[in-house]
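**Student:** next comes the sequence, and after it the predicted model I'd like to discuss.
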Amino acid sequence: MKVLVAMSGGVDSSVAAAMLRDAGHDVVGVTMRLWGGASDTGCCSVSDTDDARRVASQLGLDHLVFNFADDFERDVVDPYVRAHADLSTPNPCIECNRTIKFARLAERADDLGFDAIATGHHARVTTDGAGRHRLERGADRAKDQSYVLHMLGQAQLARTLFPVGVLTKREVRALATDLGLGTAAKPDSQDVCFITSMEGRETFLTERIATRPARVVDTSGRQLGTVAAMELITIGQRKGLGLPGGQPKRYVVDVDARSAVVVLGDEHDLAGRRLEVDAMSWVDAIPASLVHRVLVQSSAHGTPQPANVEVIDDASVTITFDEPQRRVAPGQSVVLYDVTDTWVLGGGIAGTH
């Protein structure tokens, strides 16, 4: 099988390429050039491309570089900026998977005659007795990345490979060491790749959107202070609110754009049982019945929580948790797993509570 492997310059994608080569596939590595600006974190730096090229050479593989910078700017960076302007909390890594890695890259792979694409994600694709594909958690639960892949449907899963999904991270690094790969000890990428550690999120956003100051009040309306930019505030935030130390813990429980007010409360004020989720996508067909028992995960490494989910239509669900949970910020991804916590059912974007 002819496989195009997305090589980010990290250890996981390096080992994925090696595993596919050793399995007898016709493997070509590709690194996507996504961000044209400065980058010193994540997987978009020049050094990451060089690392990927060196690993491909070590493995005897051809290595390509695709320039998707315009697509990345339009489909990932611009929506990230707009979401903050609308007081939402986006997840750009998920949008990159949705629009670039498993859409734009797949289109290019088709154009070049590849049978499949592969990445170094810690997840698994399996097939049930009816021939339907499942997106399952990776073998290493601590590194599982199925949450950020929840948008993959049947057609995409049919031609996508996740070779390292059957390995623990320790096993991945050991295999890379045995192969003598230069990425064997390379740290995992962190943070948003298009925001530098020196610049930070605040500088990045304030150069691109007009920010507005807001009053900070408690749930009774008593003013506690001010913030310079409410577009940088998110539900559940505790730090960076300009409050003096030594006080009881307070969290952002609401941001009112119309009145320019940020409301703080305690953990009880932050908790809720009901969550509306929109822009749903399903790994398989939309569930036939209206109410299902599921486990709900609302962050990349969050603890799945039991809940009932009511299917409103193909794009909207209402979740009712068994126990009150910390509120999910509007804009964040919410992913549904089966009750055994094994495979992804689907996911969407948090809306109102």
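**Tutor:** Right, received. Where do you want to start?
**Student:** residues contacting the residue nearest to residue 315 when sequence neighbours are not counted?
**Tutor:** Excluding its sequence neighbours, the residue lying closest to residue 315 (CB to CB, 6 or more residues apart in numbering) is residue 280, at 5.0 Å. From N, CA and C alone the C-beta is placed, and that goes for glycine too. Contacts for residue 280 (CB atoms under 8 Å, 6 or more residues apart in numbering) come out as 314, 315, 316, 317, 346, 347, 348.
**Student:** list the buried ones in whatever helix or strand residue 280 lives in?
**Tutor:** In this structure, residue 280 sits in strand 271-282 according to DSSP states H and E. Within strand 271-282, the residues that count as buried by 16 or more other CB atoms under 10 Å are 275, 276, 277, 278, 280, 282.
**Student:** could you do stretch 303-316 as well?
**Tutor:** In stretch 303-316, counting by 16+ other CB under 10 Å, buried: 304, 305, 307, 309, 311.
**Student:** model confidence over the host helix or strand of residue 21, on average?
**Tutor:** Using DSSP H and E, residue 21 maps to helix 11-22. For helix 11-22, the mean per-residue pLDDT is 98.
**Student:** partners of whatever helix or strand comes next after that helix in the sheet?
**Tutor:** Note on helix 11-22: by DSSP H and E, the next helix or strand toward the C-terminus is strand 26-33. Here strand 26-33 has these sheet partners by DSSP bridges: strand 2-6 (parallel), strand 62-67 (parallel).
**Student:** and residue 130, which of the three is it?
**Tutor:** Using DSSP: H, G, I helix; E, B strand; the rest coil, the structure places residue 130 in coil.
**Student:** neighbours around it, how many?
**Tutor:** 6 (other CB atoms under 10 Å).
**Student:** re earlier: deepest of the strands paired with strand 26-33, which one?
**Tutor:** strand 2-6 (a mean of 23; mean count of other CB atoms under 10 Å).
**Student:** from the chain's centre, how far out does that strand sit?
**Tutor:** 22 Å (CA atoms, centre = their mean, to the nearest Å).
**Student:** the inter-axis angle of that strand versus helix 11-22?
**Tutor:** 170 degrees (axes from the mean of the first three to the mean of the last three CA atoms, to 10 degrees).
**Student:** which residues are in contact with strand 2-6?
**Tutor:** 13, 16-17, 20, 25-32, 61, 101, 105, 108-109, 112-120, 161.
**Student:** among these, name the buried ones.
**Tutor:** 13, 16-17, 20, 25, 27-32, 61, 101, 105, 108-109, 114, 116-120, 161.
**Student:** before we move on, back to that, between the buried residues of stretch 303-316, which sits nearest residue 223?
**Tutor:** In terms of CB to CB, no member of the buried residues of stretch 303-316 lies closer to residue 223 than residue 305, at 34.4 Å.
**Student:** run through the bridge partners of the closest one.
**Tutor:** Going by DSSP bridges, residue 305 forms beta bridges with residue 296.
**Student:** can you pull the contacts of it?
**Tutor:** Here residue 305 is in contact with 295, 296, 297, 321, 322, 323, 325 (CB under 8 Å, 6+ apart).
**Student:** can you tell me which of those residues has the most neighbours?
**Tutor:** residue 296 (26 neighbours).
**Student:** picking up where we left off before, for the buried residues of strand 271-282, give me CSV that also has pLDDT.
**Tutor:** Formatted as CSV, these follow (pLDDT from 0 to 100):
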residue, pLDDT
275, 96
276, 96
277, 97
278, 96
280, 96
282, 96
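**Student:** coming back round to it: packing partners for the helix holding residue 21?
**Tutor:** Using 3 or more CB pairs under 8 Å, 6 or more residues apart in numbering; DSSP states H and E, the elements in contact with helix 11-22 are strand 2-6, strand 26-33, helix 46-59, strand 116-118, helix 169-179.
**Student:** for it, which outside residues touch it?
**Tutor:** 3, 5-7, 27, 29, 52, 55-56, 59-61, 118-122, 161-164, 167, 172-173, 175-176, 179, 181, 183-186.
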